[in-house]
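>>> what follows is a predicted structure for the sequence shown.
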Amino acid sequence: MDKVRLQREAAFIRSSLLDQGYLDEQFIQLEELQDNDNPNFVEEVVTLFYTDSARLIYNIDQALLSNPTDFTKLDDYMHQFKGSCSSIGAKKVKNECNGFGEYCEAQNYDGCFRTFQQIKQEYINLKKKLETYFQLLKEAA
Amino acid sequence: MAGGEVLRQNLPEKLEESPSGANELHVLAVDDSLVDRKVIERLLKISSCKVTVVESGTRALQYLGLDGDKKSSIGFDSVKVNLIMTDYSMPGMTGYDLLKKIKESSVFREIPVVIMSSENILTRIDRCLEEGAEDFLLKPVKLSDVRRLKDFIMKGEVKEGEKRCCKRSRSEDCSPSPMTHPCDSSLLSSLSSSSVLSPLSPSTLSSKKSRL
């Protein structure tokens, strides 16, 4: 039950996520909105992001299965998804979305499909890291 | 001047209208994104604003009592909103559509409307400013944006009466544009990089002039 060690571990994960570009300053901005009255604000927003964006991911997956491909719809869903990524500071995921947008505009299905698999990977990757981070914070409190 | 004196007497009343206490800004925030609604609400609350968050332009109009053909707010005198912040890209009614509706309303057109967007599109920004938007913020919106807005609105509440006095007592030549009016110099100095409001933008000046 070494809380100091746990705190250090959490801080290390946080620094890494920021240094390696998984997260950007928007995440720090969210931290600044946390206080004693709202001690779990960041975790709440991140949880909300993952719950809400699951719907968008599903929609995009479905749209990619539809024939013919509705690129306008795809672009629209992606725009919403990208916006949410931006709001929580999910920098790497957000950047992957740019590629998707370009393929959409070019109506390049293969490009869209491949890029989306990468987006999902990064999305899940970040989720795991953040889950670990928030868990450590709880244990360290 | 009789007109000026009446306005000066009305000044204290304007700020004390808020039911929850003196000087609390009531902001109506409009955004279709669940995540963004949560964030903007927190940004505003932490800046000591009273917040009402809705998910669409339609809901916003309903809240204001502007839906349907009811242009007069029956029994809605207590709905006092000092600022409206709306996302641009929303399904159905966009932030731009909402802006237009508000500026068309004789009751609500004086309320400053700020547009928020994740896209930095010049034509979009110009369009919104031309239509009377107070400012255009790039998402994600920051605490500094909200603080700056709040300061501007708070000063506006006090200065509004003064401006009307100035306008009547001075000739048009002395006060060419509100952006160069001494009252607004603090706004110019507090502009942050995420705001695209430029004091030198002709569209900004013309839209502000047209509202005087």
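Okay, I see it.
>>> which bits of chain B sit near chain A?
B:33-36, B:38-39, B:42-43, B:46, B:89, B:118, B:139-140, B:142-143 (C-beta under 8 Å from any C-beta of the partner chain). Where C-beta positions appear, they are placed from N, C-alpha and C, glycine not excepted.
>>> wait, does the helix or strand harbouring A:Thr47 make contact with chain B?
In the assignment (DSSP states H and E), A:Thr47 maps to helix A:41-65. Yes - contact of helix A:41-65 with chain B (C-beta under 8 Å from any C-beta) involves A:Phe41, A:Glu44, A:Val45, A:Leu48, A:Phe49, A:Asp52.
>>> before we move on, what about stretch A:8-20?
No - residues of stretch A:8-20 contacting chain B under C-beta under 8 Å from any C-beta: none, with a closest distance of 15.8 Å.
>>> ok now that stretch, how far from the chain's centre?
Distance of stretch A:8-20 from its chain centroid, counting by C-alpha atoms, centre = their mean, to the nearest Å, is 16 Å.
>>> which parts of that stretch are buried?
Buried residues in stretch A:8-20, counted by 16 or more other C-beta atoms under 10 Å in any protein chain shown: A:Glu9, A:Ala10, A:Ile13, A:Arg14, A:Leu17, A:Leu18.
>>> for those, which one is nearest chain B?
The nearest member of the buried residues of stretch A:8-20 to chain B, counting by C-beta to the nearest C-beta, is A:Leu18 at 15.8 Å.
>>> run through the helices of chain B in chain order.
Here chain B has its helices, by DSSP state H, at B:2-16, B:34-46, B:57-64, B:95-104, B:122-130, B:143-169, B:185-189, B:202-210.
>>> buried set for the third one?
For helix B:57-64, the buried set under the neighbour-count rule, 16+ other C-beta under 10 Å, comprises B:Gly57, B:Thr58, B:Arg59, B:Ala60, B:Leu61, B:Tyr63, B:Leu64.
>>> separate out the buried members of the residues of chain B next to chain A.
By 16+ other C-beta under 10 Å, those give B:33-36, B:38-39, B:42-43, B:46, B:89, B:118, B:139-140, B:142 as buried.
>>> could I get the residues you listed as a markdown table with pLDDT?
Formatted as a markdown table, those follow (pLDDT from 0 to 100):
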| residue | pLDDT |
| --- | --- |
| B:Ser33 | 97 |
| B:Leu34 | 97 |
| B:Val35 | 98 |
| B:Asp36 | 98 |
| B:Lys38 | 98 |
| B:Val39 | 98 |
| B:Arg42 | 98 |
| B:Leu43 | 97 |
| B:Ile46 | 96 |
| B:Ser89 | 96 |
| B:Ser118 | 95 |
| B:Lys139 | 97 |
| B:Pro140 | 97 |
| B:Lys142 | 96 |
